[in-house]
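1. Give me coordinates for this.
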Amino acid sequence: MRSLLFVISLICFCSQTALSWKKEEFRSCDQTPFCKRARSRTPGACSLIVGDVSITDGDLVAKLLPKTPNQDDGDQIKPLVLSLSVYRDGIVRFRVDEDHSLNPPKKRFRVPDVVVSEFEEKKIWLQKVATETISGDTSPSSVVYVSDGYEAVVRHDPFEVYVREKSGDRRRVVSLNSHGLFDFEQLGKKTEGDNWEEKFRTHTDSRPFGPQSISFDVSFYDSSFVYGIPEHATSFALKPTKGPGVEESEPYRLFNLDVFEYDHESPFGLYGSIPFMVSHGKSGKTCGFFWLNAAEMQIDVLANGWDAESGISLPSGQSRIDTLWMSEAGIVDTFFFVGPEPKDVVKQYASVTGTSAMPQLFATGYHQCRWNYKDEEDVAQVDSKFDEHDIPYDVLWLDIEHTDGKRYFTWDSVLFPHPEEMQKKLAAKGRKMVTIVDPHIKRDDSYFLHKEATHMGHYVKDSSGKDFDGWCWPGSSSYIDMLSPEIREWWGGRFSYKNYAGSTPSLYIWNDMNEPSVFNGPEVTMPRDALHVGGVEHREVHNAYGYYFHMATSDGLVMRGEGKDRPFVLSRAIFPGTQRYGAIWTGDNTAEWEHLRVSIPMILTLGLTGITFSGADIGGFFGNPEPELLVRWYQVGAYYPFFRGHAHHDTKRREPWLFGERNTELMRDAIHTRYMLLPYFYTLFREANLTGVPVVRPLWMEFPQDEATFSNDEAFMVGDGLLVQGVYTKGTTHASVYLPGKESWFDLRNGKTYVGGKTHKMDAPEESIPAFQKAGTIIPRKDRFRRSSSQMDNNPYTLVVALNSSQEAAGELYIDDGKSFEFRRGAYIHRRFVFSNGVLTSTNLAPPQARLSSQCLIDRIILLGHSSGPKSAFVEPLNQKAEIEMGPLRMGGLVASSGTKVLTIRKPGVRVDQDWTVKIL
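-> Prediction:
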């Protein structure tokens, strides 16, 4: 009876959380002892100093010692070990840990498999350390080389670390412990009388090693705003959370949680955690700070004047933003990125955690999802309706109801009796299917996966050492221990065609609930004292659990395809490095205008912190969007890097053809816009794969000295060529759009010209949202639509050349086979297009050994902003003329009804993979 009552209460809990986020289910800072302790400390509280400095194995190493030794040995702070390493391109790594020679109760957890192996190849082996006495200090500080323009300073007393410029007045860039808030709680051995337990609601955390938190302040200099540290549903520029003028004082929380229907303006943590913060200021310079730590973290952005009574003197000639970083466990493993340009910082971060995986082409198209498409007939009908309404799409998704009783890697034999045939029918049109596989495994002795995982000891353990038993969608469930590389490899093998019966090469995977979500756990997740392989407590690895699950699944798909095909795996939980394994989405949003609006700063933040392949559920997961909201969401979502419609099973069906003919037309136009721009998006994904620069960018990344862009999070750049302004208010037919820079902008729909550097009031009719191409860019398109992206492979290209005030423009196009890893071996096309002096030139950017060809032609060349009225064009090496026409701008199948007449070169006859010139006569 007790178990029945528990199940009933669990069902009530699940239904309640599905209706709305219940704040009381989650801890605030005041209910989180380590956060409360760290916030209560006053500036200057740190009593540690630096001693025993030396150069060892190319690093500066030292001890952190108490300035005044405590005579009571029981309370004595044991020395900590400090190391500082320098890497090429302006990166400093700073670490602090307990001294293992002093035999702490156990080794503190260091997060594995996040820093890419090639990063160590960039290490600069330090040969010497200089000394310098900082003004006002009584002892010298240590100074080491970082790069030609920067050096790192380890201040001994008081303890402080910072990076500064070498030249001029040696301005600071970023610093740690400038306010003396550093604190490192050392692991303990429990003795009689120790009461280390923590309670929250009905849950008790045993905390066998006692308090072990770490906190410190970080300051960013010459800074106007700070950004990053996702995942939160809040503004792009982070708002102060503590200090003068802050009403609700709650830090930004980084603790991966399953949060239903989250608030749209809150510092509360969501599904993922990226402890990487970026600073940008009026000088146009950018810097960054990253803490590699998988435990719960809380971060305060401190309001100006918070330290008015501290008595600590910092450089007064530099603006500064101070922050306080607090974590429950782990070590100090931090990275300082000196920039100085915005793209430099994201490249520096990517050199540590990796660049984005190159997606298959289909993954950049439109995805149609619902919890749940109920059976094979439903799948077939939805698929055919897309064709009937001339709407392209690439992927159809199945949620948890497709399985046999929530047992993953299975199919409901009544609803989906012929899964392989179903997938093959989609594949015949170039389409794929995605099924869901979550980390909770149904505890059923007849379930093959549970039997194998139990027998092999692959589950996370509870604090007593038994297989952890929690509740999720299947009921009683256990969770695969993804911290172990061996267990990850075993998990990857589950995706073979033999082990995943009914799967085919066109089936890909969705990892949901991988925070991990535990319905009856503390804060709807796993207890912190649960145990992973090697005795690692869950508190130490929590934020990385979903990352390792995502990694194992992605690697499994690579194994399935014998290393030939790129995987596609969508994850909800995120951590640094997630970008190497697939896409993510912003979770369980709601059909509200504010959730549409907040999707932009969320996606901008994710891109800035490495996760460029992201998107929000079109229309909102919860609730029923009114047609106007749904249309506007499709119009914005067509520019998301990841473009998927998804909805809760309690909502009304919302496929694009269910809202009347006019709304179907509008949503079809939005999806057509995405497919028209796929060559441009795919080229940008390759740039992200090579450099870490995101597909969707904040305006200030392209215009770093334009202060009007610094807090703008309603408009965004797609690459360096497109600016998009969403419509986020019901009934709006106009929008104010700030167009940065000194050059002009061209309306994407009609070619009309707008000057840069000012705000324009634009029409925003129901047909479209404001979108513009920057003068000086060339954007590749495909204007003929098919059923799916792969069926567009042989379609011709259009080049849209937007000329700047010098009558010049440039752009790039990247092409590969769209599916395999052969691009890594040179099987790709990479072209650069330059228009100058009346001539458009195509040149090769690929290395000489590149070996991919294409028969695709350039069908149209559209010139925006051309100053003269030419009659024809001459094409070489074809040695022939091409037609020129003046008329309205064509955008895919649409023809502008009004606007500027533009010059179009029709059928120049040149191949996309060859060198050629087109001269305007």
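2. Dump the C-alpha coordinates for stretch 598-608 into PDB.
-> Provided in PDB are the C-alpha atoms of stretch 598-608 (Å, rounded to 0.1, in the frame of the first residue of the first chain):
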ATOM      1  CA  VAL A 598      14.100  35.100 -24.700                       C
ATOM      2  CA  SER A 599      15.100  32.400 -27.200                       C
ATOM      3  CA  ILE A 600      17.400  34.900 -28.900                       C
ATOM      4  CA  PRO A 601      19.600  35.800 -25.900                       C
ATOM      5  CA  MET A 602      19.700  32.100 -24.900                       C
ATOM      6  CA  ILE A 603      20.900  31.000 -28.400                       C
ATOM      7  CA  LEU A 604      23.400  33.900 -28.600                       C
ATOM      8  CA  THR A 605      24.800  33.000 -25.200                       C
ATOM      9  CA  LEU A 606      25.100  29.300 -26.200                       C
ATOM     10  CA  GLY A 607      26.900  30.300 -29.400                       C
ATOM     11  CA  LEU A 608      29.300  32.600 -27.500                       C
END
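3. Enumerate every residue touching the residue nearest the centre of the chain.
-> Centroid check for the chain by C-alpha atoms, centre = their mean gives I611 as the closest residue, at 2.3 Å. Counting by C-beta atoms under 8 Å, 6 or more residues apart in numbering, I611 touches P230, G272, I274, S356, I574, T578, Q579, I584. (Glycine included, C-beta is placed from N, CA and C.)
4. is it true that the second one touches P576?
-> No - G272 is not in contact with P576 according to C-beta atoms under 8 Å; the separation is 9.8 Å.
5. For the stretch 51-200 of the chain, give me the ranges with low pLDDT.
-> 70-76 (pLDDT under 70).
6. Please verify my assumption that Q186 contacts D97.
-> No - using C-beta under 8 Å as the test, Q186 is too far from D97 to be in contact (10.4 Å).
7. Now do the SS call for G610.
-> coil (DSSP: H, G, I helix; E, B strand; the rest coil).
8. is it true that it touches I274?
-> Yes - using C-beta under 8 Å, G610 is in contact with I274, at 6.9 Å.
9. Mutual contacts of the two, please.
-> Contacts common to G610 and I274, judged by C-beta under 8 Å, 6+ apart, are P576.
10. For L857, give me its contacts.
-> P796, Y797, K907, G909, V910, R911, V912.
11. got it, and V569?
-> Y508, I509, W510, N511, H550, T553, S554, L557, Y581, G582, A583.
12. how about 10 Å then?
-> 357, 363, 434, 437, 495, 508-511, 549-557, 581-584 (C-beta atoms under 10 Å, 6 or more residues apart in numbering).
13. Just the ones in strands from those, please.
-> V434, Y508, I509, W510, N511, A583, I584 (DSSP state E).
14. quick one on the thing from earlier: find residues that contact each of Q186 and D97.
-> Going by C-beta under 10 Å, 6+ apart, residues that sit against Q186 and also against D97 are L80, P104, R108.
15. number of nearby residues for P796?
-> Neighbour count of P796, defined by other C-beta atoms under 10 Å: 16.
16. Next one: the nearest residue to it once chain neighbours are set aside, what pLDDT does it get?
-> Nearest non-adjacent residue to P796, counting by C-beta to C-beta, 6 or more residues apart in numbering: D859, 3.4 Å away. What the model reports as pLDDT for D859 is 95.
17. And for F6?
-> Reported pLDDT for F6: 39.
18. ok, which stretches of the stretch 201-350 of the chain are helices?
-> 342-353 (DSSP state H, counting those that start in this stretch).
19. Tell me where it is predicted with low confidence.
-> In the stretch 201-350 of the chain (pLDDT under 70), no residue qualifies.
20. and E537, what is it in contact with?
-> E537 touches 106, 109, 205-209, 212, 295, 328-329, 463, 527-531, counting by C-beta under 10 Å, 6+ apart.
21. Quick check: ChimeraX command selecting the buried ones in those.
-> Under the burial definition 16 or more other C-beta atoms under 10 Å, those of those that qualify are selected in ChimeraX by:
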select :109,205,207,208,209,212,295,328,329,463,527,528,529,530,531
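22. picking up where we left off before, distance to D444 for the shared contacts of Q186 and D97 - can I get that in TSV?
-> Shown next, in TSV, are the shared contacts of Q186 and D97 (distance: C-beta to C-beta, whole Å):
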residue	distance to D444
L80	48
P104	41
R108	37
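23. so of the residues you listed, which ones are in strands?
-> Per DSSP E, the subset of those in strands is L80.
24. in its sheet, what does the helix or strand where the residue nearest to P796 lies sit against?
-> Secondary structure from DSSP states H and E places D859 in strand 858-864. With DSSP bridges as the test, strand 858-864 is paired with strand 797-802 (parallel), strand 902-906 (antiparallel).
25. Save those as JSON lines, and put in distance to V737, mean pLDDT and mean neighbour count too.
-> Listed next are those as JSON lines, based on distance: least, C-beta to C-beta, whole Å; pLDDT from 0 to 100; neighbours: other C-beta atoms under 10 Å:
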{"stretch": "strand 797-802", "distance to V737": "17", "mean pLDDT": "98", "mean neighbour count": "25"}
{"stretch": "strand 902-906", "distance to V737": "21", "mean pLDDT": "94", "mean neighbour count": "20"}
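26. Those into TSV, with extra columns for distance to D137?
-> Shown next, in TSV, are the strands paired with strand 858-864 (distance: least, C-beta to C-beta, whole Å):
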stretch	distance to D137
strand 797-802	56
strand 902-906	66
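27. Out of the ones you listed, which gets nearest to G457?
-> Closest approach to G457 among those (C-beta to C-beta): strand 797-802, 54.8 Å.
28. circling back to that earlier point, out of the ones in strands among the contacts of V569, who's the most crowded?
-> I584 (29 neighbours).
29. Hmm, that one is touching D617, no?
-> No - counting by C-beta atoms under 10 Å, I584 does not reach D617; the two are 12.0 Å apart.
30. Where do the strands of the stretch 351-500 of the chain begin and end?
-> 366-368, 395-398, 432-436, 440-442, 470-472, 475-479 (DSSP state E, counting those that start in this stretch).
31. buried residues in the second one?
-> Along strand 395-398, these residues count as buried under the neighbour rule (16+ other C-beta under 10 Å): V395, L396, W397, L398.
32. any idea what sits nearest the last one, other than its immediate chain neighbours?
-> Using C-beta to C-beta, 6+ apart and skipping residues adjacent in sequence, the residue nearest L398 is T435, 4.9 Å away.
33. ok, now which ones touch that neighbour?
-> Here T435 is in contact with 397-400, 402-403, 408-409, 411, 416, 419, 423, 500, 502-503, 507-510 (C-beta under 10 Å, 6+ apart).
34. in the stretch 551-700 of the chain, which spans are strands?
-> 569-571, 583-585, 614-615, 643-645, 696-697.
35. how close does D555 get to A453?
-> 18 Å (C-beta to C-beta, to the nearest Å).
36. more neighbours, the two?
-> Neighbour tally, D555 and A453, criterion other C-beta under 10 Å: the higher count belongs to A453, 23 against 19.
37. show me what contacts the more buried one?
-> 441, 443, 447, 459, 467, 478-481, 487, 490-491, 494.
38. Let me have those in JSON lines, extended by pLDDT, neighbour count and distance to K758.
-> Output for the contacts of A453, formatted as JSON lines (pLDDT from 0 to 100; neighbours: other C-beta atoms under 10 Å; distance: C-beta to C-beta, whole Å):
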{"residue": "I441", "pLDDT": "98", "neighbour count": "26", "distance to K758": "58"}
{"residue": "R443", "pLDDT": "98", "neighbour count": "18", "distance to K758": "63"}
{"residue": "Y447", "pLDDT": "98", "neighbour count": "21", "distance to K758": "63"}
{"residue": "Y459", "pLDDT": "98", "neighbour count": "21", "distance to K758": "60"}
{"residue": "D467", "pLDDT": "98", "neighbour count": "18", "distance to K758": "63"}
{"residue": "S478", "pLDDT": "98", "neighbour count": "24", "distance to K758": "60"}
{"residue": "Y479", "pLDDT": "98", "neighbour count": "29", "distance to K758": "55"}
{"residue": "I480", "pLDDT": "98", "neighbour count": "24", "distance to K758": "55"}
{"residue": "D481", "pLDDT": "98", "neighbour count": "29", "distance to K758": "57"}
{"residue": "I487", "pLDDT": "98", "neighbour count": "22", "distance to K758": "58"}
{"residue": "W490", "pLDDT": "98", "neighbour count": "17", "distance to K758": "59"}
{"residue": "W491", "pLDDT": "98", "neighbour count": "25", "distance to K758": "55"}
{"residue": "R494", "pLDDT": "98", "neighbour count": "22", "distance to K758": "57"}
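39. Thank you, goodbye.
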